[in-house]
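Asks: quick one: sequence plus predicted model below, questions after.
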Amino acid sequence: MQTNEIRVRVCPKCGKIFSERGAVSRVDNVTIICPDCGTREALESICVDETEQEKILDTIHSSIRTY
């Protein structure tokens, strides 16, 4: 049975508090990190520089609707 329980976590990489679904770190394939750090790790893996990563994350954040 699925519950609607919200779990709050602290990202071990950046210290951000998040309640969204976490990402599994590519570093050890075990640690749960925040979605932003997960996106950064994915972009780093394809050699996207930090400036471009931030632009991509800004685009993602601006397209997410908050209700």
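Replies: Okay, I see it.
Asks: run through the strands of this structure in chain order.
Replies: Assigned by DSSP state E, the chain shows strands spanning 9-10, 17-18, 23-24, 32-33.
Asks: gap between Glu50 and Asn4?
Replies: In this view, Glu50 and Asn4 are 36 Å apart by Cβ to Cβ, to the nearest Å. For the C-beta atoms, the positions are set from N, CA and C on the backbone; glycine is no exception.
Asks: between those two, which is the more surrounded one?
Replies: Between Glu50 and Asn4, counted using other Cβ atoms under 10 Å, the more crowded position is Glu50 (10 against 4).
Asks: the more buried one and Leu43, how far apart?
Replies: Using Cβ to Cβ, we find Glu50 at a distance of 9 Å from Leu43.
Asks: can you check Ala23 too?
Replies: With distances taken as Cβ to Cβ, Ala23 is found 12 Å from Leu43.
Asks: thinking Arg21 is in contact with Cys34, fair?
Replies: No - the criterion here is Cβ atoms under 8 Å, and Arg21 misses it with Cys34 at 9.9 Å.
Asks: same drill for the two, tell me which one is more crowded.
Replies: Neighbour comparison, Arg21 and Cys34: the larger count goes to Cys34, with 23 against 10 (by other Cβ under 10 Å).
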